[in-house]
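> no sequence for this one, just the structure:
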């Protein structure tokens, strides 16, 4: 068993720094090799992938029939009446606007924060 009593503290620190630098160099060398291997794999896989056809022009949605619109207004009226606890005769939905999902996400976050605090 080797004892370090014979070595000076400066020698031990010097050897420690030398081993540390050598270890860091080895790690970075391996990382560089891995980087080149990944880039080479990307080049080979890019050559073999077929070209995708260009997407078709977007198709405009057909206007909804009047019957579906009236049914939707009836459903909205019933939901609002149930939410506020009133009869459907006291509520009149005159128009509606379809919203994107972001409005629902914001409302959900706001509700979660209100209930948390």
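Structure's in. What do you need? Since we're looking at a predicted model, the values are computed, not measured.

> pull out the buried positions in the host helix or strand of residue 36.
Assigned by DSSP states H and E, residue 36 belongs to helix 9-48. For helix 9-48, the neighbour count (16 or more other Cβ atoms under 10 Å) marks no residue as buried. All C-beta spots, glycine's among them, are computed from the backbone N, C-alpha and C.

> quick check: what element follows that helix along the chain?
Helix 9-48 is succeeded, C-terminally, by helix 66-84 (DSSP H and E).

> list the contacts of that next one.
87, 88, 90, 91, 92, 93, 96 (Cβ atoms under 8 Å, 6 or more residues apart in numbering).

> go again using 6 Å as the cut-off
88, 91, 93, 96 (Cβ atoms under 6 Å, 6 or more residues apart in numbering).

> JSON lines for these, including secondary structure and pLDDT?
As requested, the contacts of helix 66-84 are exported to JSON lines (DSSP: H, G, I helix; E, B strand; the rest coil; pLDDT from 0 to 100):
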{"residue": "88", "secondary structure": "helix", "pLDDT": "78"}
{"residue": "91", "secondary structure": "coil", "pLDDT": "79"}
{"residue": "93", "secondary structure": "coil", "pLDDT": "76"}
{"residue": "96", "secondary structure": "coil", "pLDDT": "73"}
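
> drop anything exposed from those.
Using 16+ other Cβ under 10 Å as the burial test, those include residue 93 as buried.

> all good on my end, thank you.
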